[in-house]
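the following comprises the amino acid sequence and a computationally predicted model.
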Amino acid sequence: MRNLEAFIDKNRSKSHIKSRLNVKNSIFYCIIDDIVFGQEAIKKIINYILNIEKKFRNQKVSICIMLHSDNFKDKLSILFLECICYYLINFKKYKVKVAFSIRPNIWTEGVISSPLMILNTFDKVNAEKFTGKFFFEIYQNHYRKLVKFDELKQNEEILSKVMTDIDNFLKMFSTSNDFREKIAEVIAELIGNAYEHGGTDCLVDIDVADDYISAEKEGNFYGINVAVINFSDKLVGSGISKIFFQETQQKGRYKELEDAYIFHRDYFDERYTQEDFFNISAFQHKISGREDNRVTGGTGLTKLIRALEEMSVTHKCYIVSGDRVIDFKKEYLIYDENNWIGFNKEGNFKTQLPDPEAIDSFKIFLPGVAYNLNFALRREEDKNEKSN
Amino acid sequence: MKNLIELKFNSTVTMLAGYDYGKQIYESQVKGNLDLFSDFTIKFPDQIKRIASSFTQGFFREMVEEIGIIGIQERLKVISSKENLKASILRDLL
């Protein structure tokens, strides 16, 4: 996968803290005792790897990652761990084992079909199977594909095929046509963005977690959990920021963006940064990080995500880029009459800051862009029964 | 003479996405074969049931440059199994 090694490299200076290397019988044990496996746990694993790399440069070692928690925070956390294991196996040529138990829920049931499940021994065959499954799998309730930049460049029809495949995959479940088509479009646009903006590969993983009940709501539910990751040196707002500061005479909507910047910059601090401003600018209508000024799915994307959230009973959707996060809560995905989005309840971009809940920091640095899109839906049959 | 283009796609593809792919289809199947200065028709095969914004933007890019969104709105007729496709195309171009 293109630029995956940058995921580890970019965290070298950010989080390199000496930690004790636990070695027994020539195996390094990376023990993670976090209650929930999320960004903090990922940071600890990266830090552990960096310590091994520093002390045992160029040596091929065996590492066992032991998770005490049986609870993953969300789908993206699972994919980050898979990416780290892929790096260790294929770039560092380490032997890798991951030891963990699972307590899946509607958001994280995908771990059952994760390639991580294969890494239960140091066996070389298992490492090869892991690599194969990392690239591609369509099996039962799991769809996964690494869409390669080079393949898309050679044959641009592939994106339409992937969109069609995702729609066909979801037809096996009780998803409505409308939801299915919209989620397929969102994913296709994210892959397209990775290709056009990032010039990089894009990893897509979808699982359908069927037959759940809720303590609070009646009926049967299922989850559609999607994670999309690309690694590149292009962050979501970096193209816009570059163009914005290069241009001395802003025109049209870019002049309005400049007015907003002048208002926002007085409030930049460690919780709301200039980078956040340009990240949310990436979702503004007719504002583009490309020099040809083309809009790539900006408003279309957030409007589709909001529509999907409105069809859901509950949802957990966010984007990570660099070490910043934007939370896609539907109450913040409001455009004003001129198609500006503020990421606040008022839909006011120009003279109001985004809601503090909509912006967050991320403990590790992701060179590129990742989306976590989790939706819990009521089963169609239940909806029909209710309406009859 | 009918000012009409019937687009052709791989029969297994039911959805269209990608800016560059849209541009490529325009260049290979439409460019030079339609008079954009009188009423024209584009027919999408029945199998196509959804078109992502990126494809629309790539496909219509040159047309927007030549006759503008207003020109497209006034002269384009879309034949498709998908209802309201023209409205959704125009929304994606605005």
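Arrived safely, thanks for sending.

what does the stretch 51-200 of chain A put close to chain B?
Neighbours of chain B within the stretch 51-200 of chain A, by C-beta under 8 Å from any C-beta of the partner chain: A:152, A:156-157, A:159-164, A:167, A:181, A:184-185, A:188-189, A:192, A:195-196. No exception for glycine: its C-beta is placed from N, CA and C like everyone else's.

and the residues you listed, which are buried?
Among those, the ones that count as buried by 16 or more other C-beta atoms under 10 Å in any protein chain shown are A:152, A:156-157, A:159-164, A:167, A:181, A:184-185, A:188-189, A:192, A:195-196.

so which residues of the stretch 251-388 of chain A form strands?
Using DSSP state E, counting those that start in this stretch, the strands of the stretch 251-388 of chain A run over A:314-327, A:359-378.

so which of those strands is nearest chain B?
Chain B lies closest to strand A:359-378 among the strands of the stretch 251-388 of chain A, at 15.7 Å (C-beta to the nearest C-beta).

next, the angle strand A:314-327 makes with that closest one.
Counting by axes from the mean of the first three to the mean of the last three C-alpha atoms, to 10 degrees, strand A:359-378 lies at 160 degrees to strand A:314-327.

turn the strands of the stretch 251-388 of chain A into JSON lines, columns for distance to chain B and mean neighbour count.
JSON lines is the format used below for those (distance: least, C-beta to the nearest C-beta, whole Å; neighbours: other C-beta atoms under 10 Å in any protein chain shown):
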{"stretch": "strand A:314-327", "distance to chain B": "18", "mean neighbour count": "22"}
{"stretch": "strand A:359-378", "distance to chain B": "16", "mean neighbour count": "22"}
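
now these in CSV, with mean pLDDT?
Shown next, in CSV, are these (pLDDT from 0 to 100):
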stretch, mean pLDDT
strand A:314-327, 95
strand A:359-378, 95
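
same list (the ones you listed) but as CSV, adding distance to residue A:48.
Formatted as CSV, the strands of the stretch 251-388 of chain A follow (distance: least, C-beta to C-beta, whole Å):
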stretch, distance to residue A:48
strand A:314-327, 19
strand A:359-378, 13
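
do you know which of those strands lies nearest residue A:308?
The closest of the strands of the stretch 251-388 of chain A to residue A:308 is strand A:359-378. By C-beta to C-beta, the value is 6.0 Å.

what strands line up against that closest one, and which way round?
strand A:220-231 (antiparallel), strand A:314-327 (antiparallel) (DSSP bridges).

to residue A:21, which of these lies closest?
Closest to residue A:21 of the strands paired with strand A:359-378 is strand A:314-327 (C-beta to C-beta; 25.6 Å).

so for residue A:180, what's the pLDDT?
According to the prediction, residue A:180 has pLDDT 95.

pretty sure it belongs to a helix, no?
Yes: under DSSP: H, G, I helix; E, B strand; the rest coil, residue A:180 falls within a helix.

quick check, residue A:325 in contact with residue A:363.
No: assessed by C-beta atoms under 8 Å, residue A:325 is found out of contact with residue A:363, at 10.2 Å.

now the longest helix along chain B: mean pLDDT?
Secondary structure of chain B per DSSP state H: the longest helix is helix B:53-75. Mean per-residue pLDDT for helix B:53-75: 94.

now it: buried residues?
Neighbour-count burial for helix B:53-75 [16+ other C-beta under 10 Å]: B:53-61, B:63, B:67, B:72, B:75.

dump the next helix or strand after it to PDB, keeping only the CA atoms.
Remark: after helix B:53-75, the chain's next helix or strand is strand B:76-79, criterion DSSP states H and E. C-alpha atoms of strand B:76-79 as PDB (Å, rounded to 0.1, in the frame of the first residue of the first chain):
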ATOM      1  CA  LEU B  76     -30.000  19.100 -22.900                       C
ATOM      2  CA  LYS B  77     -32.600  16.300 -22.900                       C
ATOM      3  CA  VAL B  78     -31.700  13.200 -20.800                       C
ATOM      4  CA  ILE B  79     -33.100   9.700 -21.500                       C
END
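
from the chain's centre, how far out does strand B:76-79 sit?
Relative to its parent chain, strand B:76-79 has a centroid offset of 8 Å by C-alpha atoms, centre = their mean, to the nearest Å.

and stretch A:318-329, by the same measure?
Worked out by C-alpha atoms, centre = their mean, stretch A:318-329 lies 9 Å from the chain centre.

spell out which residues of chain B are next to chain A.
Near chain A, when you scan chain B using C-beta under 8 Å from any C-beta, you find B:9-10, B:12-21, B:24, B:49-50, B:52-55, B:57, B:61, B:92.

rerun at 10 Å
Within chain B, the positions lying close to chain A (C-beta under 10 Å from any C-beta of the partner chain) are B:9-10, B:12-25, B:47-58, B:61, B:82, B:91-94.

now the buried members of the residues you listed.
For those, a burial check counting by 16+ other C-beta under 10 Å picks out B:9, B:13-23, B:25, B:48-58, B:61, B:92-93.

helix, strand, or coil at residue B:22?
Of the three states, residue B:22 takes helix according to three-state DSSP.

check residue A:212 too.
At residue A:212 the chain is in strand, as set by three-state DSSP.

show me what contacts residue A:238?
By C-beta atoms under 10 Å, 6 or more residues apart in numbering or on different chains, residue A:238 lies in contact with A:197, A:232, A:275, A:278, A:279, A:282, A:289, A:321, A:322.
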